[in-house]
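this one's structure only:
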């Protein structure tokens, strides 16, 4: 068993969501693997080499928590879900709609009873990351939230006639997954969640909508309550991220009571890079002991935000959450899918340094 990491106050003042632009050697290797020109072992070797370089880059650019950049996956969510028992990946007629952009055609569906796969490839991926990070810092790992399988039409009603039975099995699969990562030494795990963004976008007064919010809160809170006490569990609320495009809009107001008042994550990574996310007023529902991580720096474009404007917005947010419980990050990852956002690696690292510099100025004596 890998030695467990020593934890500090997490999330860090300067943190990040998880994914990074895929490097050229990695892109080339994945293309060759898809074409049958190299085997899985050769691809794994390249992935490990590039993740090792990525950890070094994260450290050199001022970060203290290190991810594998999601370099071993194609999608931020499907790779994990399709490897759970009871789901499979497939090619649909149409890809997800991101405004005027249709994403690469791939999706997942419920084909059987759901449970955690003890041979899930993400376990080996975390073990590798943890070994690479070693004593350099904290290895942070990301997986999709259980709410990602609760969109309309995802539940196979022949297998699961009731939402309650479906919900129970999904929750247990995730409880088992979290424990499996913990047993390998994981102490910083993040649940990425577009479903809350979906609920912001399609808010109404229907009973169905209210039930969806209740189920979403129950799903994650069940995992939080079952997790080991020294595992830091955070979430990232997203509005879609594909080649610098987003798919959802809407302020946090409609979901604030459920998300901030009925769940107890150790950290909430929130998109606040544009006015599509609304104001900070919904943060008044947060009464937890963790941190609100303000995603005030966009990962979608290269332009660096004005430092003083970011500081002013942090100050504004502190009206609702104490400054000591705030932190800063990019609003999303740089590559939620392997295609990545429309900026260069150099521009990506400039963004990371920008976050670190601002955080050091706002919280100069912290950590």
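Alright, I've got the coordinates. All values reported here derive from a predicted model rather than from experimental measurement.

a strand runs through residue 270, doesn't it?
Yes - remark: residue 270 belongs to a strand, assigned using DSSP: H, G, I helix; E, B strand; the rest coil.

mind listing the helices for the stretch 51-200 of the chain?
Taking DSSP state H, counting those that start in this stretch as the test, the helices found in the stretch 51-200 of the chain are 78-81, 121-133, 163-183, 195-201.

the ones you listed: which one's closest to residue 44?
Ranking those by distance to residue 44, with CB to CB as the measure, places helix 121-133 first at 8.6 Å. All C-beta atoms are positioned from the backbone trio N, CA, C, and that covers glycine.

tell me what the closest one is packed against?
For helix 121-133, the elements it packs on are helix 40-60, helix 78-81, strand 138-139, strand 141-144, helix 163-183, judged by 3 or more CB pairs under 8 Å, 6 or more residues apart in numbering; DSSP states H and E.

tell me which of the ones you listed is the most buried.
strand 138-139 (a mean of 24; mean count of other CB atoms under 10 Å).

find the nearest non-adjacent residue to residue 216, please.
Leaving aside its chain neighbours, residue 216 sits nearest to residue 147 (4.9 Å; criterion: CB to CB, 6 or more residues apart in numbering).

got a list of what that neighbour touches?
193, 195-196, 216, 219-220 (CB atoms under 8 Å, 6 or more residues apart in numbering).

tell me the one of the residues you listed nearest residue 251?
For the contacts of residue 147, the closest approach to residue 251 (CB to CB) belongs to residue 196, at 11.8 Å.

gap between that closest one and residue 30?
30 Å (CB to CB, to the nearest Å).

what about the two, which has more around it?
Under the neighbour definition other CB atoms under 10 Å, residue 196 and residue 30 were set side by side, and residue 196 has more, 29 against 19.

that one reaches residue 256, doesn't it?
No - with contact defined as CB atoms under 8 Å, residue 196 does not count as touching residue 256 (10.2 Å).

what's the neighbour count on residue 332?
Considering only other CB under 10 Å, residue 332 is surrounded by 28 other residues.

strand partners (parallel or antiparallel) of the longest strand seen in the chain?
Ordering each strand of the chain by length in residues (DSSP state E) puts strand 107-115 first. For strand 107-115, the pairing partners within the sheet under DSSP bridges are strand 85-90 (antiparallel).

for the strand it pairs with, list every residue counted as buried.
Using 16 or more other CB atoms under 10 Å as the test for burial, strand 85-90 gives 85-87.

roughly how far apart are residue 14 and residue 141?
19 Å.

out of the buried residues of strand 85-90, which is nearest to residue 323?
For the buried residues of strand 85-90, the nearest to residue 323 is residue 87 (41.7 Å; CB to CB).

contacting residues for that closest one?
Contacts of residue 87 by CB under 8 Å, 6+ apart are 81, 108-111, 114, 149.

let's have those residues in TSV, adding distance to residue 312.
As requested, the contacts of residue 87 are arranged in TSV below (distance: CB to CB, whole Å):
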residue	distance to residue 312
81	39
108	42
109	46
110	46
111	50
114	46
149	39
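
what subset of the residues you listed is buried?
The neighbour count (16+ other CB under 10 Å) marks 81, 108-110, 114, 149 as buried among these.

between the residues you listed, which is closest to residue 344?
The shortest approach to residue 344 among the buried ones among the contacts of residue 87 belongs to residue 81, at 30.4 Å (CB to CB).

so who does that closest one touch?
Contacts of residue 81 (CB under 8 Å, 6+ apart): 87, 108, 144, 148-149.

report pLDDT for it.
In this model, residue 81 is scored at 97, pLDDT.

cool, residue 96 as well?
Residue 96 carries a pLDDT value of 67.

now swap in the one 4 residues further on and tell me
Residue 100 is assigned a predicted lDDT (pLDDT) of 66.

and for residue 4?
Looking at residue 4, its pLDDT reads 38.

then the one 4 residues further on?
Predicted confidence (pLDDT) at residue 8: the value is 49.

cool, and residue 76?
Note for residue 76: predicted pLDDT of 84.

ok, and the closest non-adjacent residue to it?
residue 336 (4.4 Å).

can you tell me how far residue 354 is from residue 20?
According to CB to CB, residue 354 and residue 20 sit 15 Å apart.

so what's the residue count around residue 205?
7.

quickly find the element holding it.
Using DSSP states H and E, residue 205 is not contained in any helix or strand.

still on that earlier bit, drop anything exposed from the contacts of residue 147.
When those are checked for burial by 16+ other CB under 10 Å, the buried set is 193, 195-196, 216, 219-220.

ok, so of those residues, who is nearest residue 171?
residue 219 (6.0 Å).

shaky segments in the stretch 251-367 of the chain?
Residue ranges of the stretch 251-367 of the chain with pLDDT under 70: 340, 366-367.

what segments of it are strands?
Remark: strands assigned in the stretch 251-367 of the chain by DSSP state E, counting those that start in this stretch are 267-271, 291-297, 326-330.

can you name every helix or strand that the first one contacts?
It stands for strand 267-271. Judged by 3+ CB pairs under 8 Å, 6+ apart, the packing partners of strand 267-271 are strand 232-237, strand 291-297.

buried set for it?
By neighbour count with 16+ other CB under 10 Å, strand 267-271 contains the buried residues 267-271.

for residue 165, state which of the residues you listed is nearest.
Nearest to residue 165 among the buried residues of strand 267-271: residue 268, at 29.3 Å, using CB to CB.

leaving out the residues flanking it, which one is nearest to the closest one?
In space, and not counting its chain neighbours, residue 268 is closest to residue 292: 5.3 Å by CB to CB, 6+ apart.

who's in contact with that neighbour?
By CB under 8 Å, 6+ apart, the contact list for residue 292 reads 267-268, 270, 283, 286, 317, 321, 325-327.
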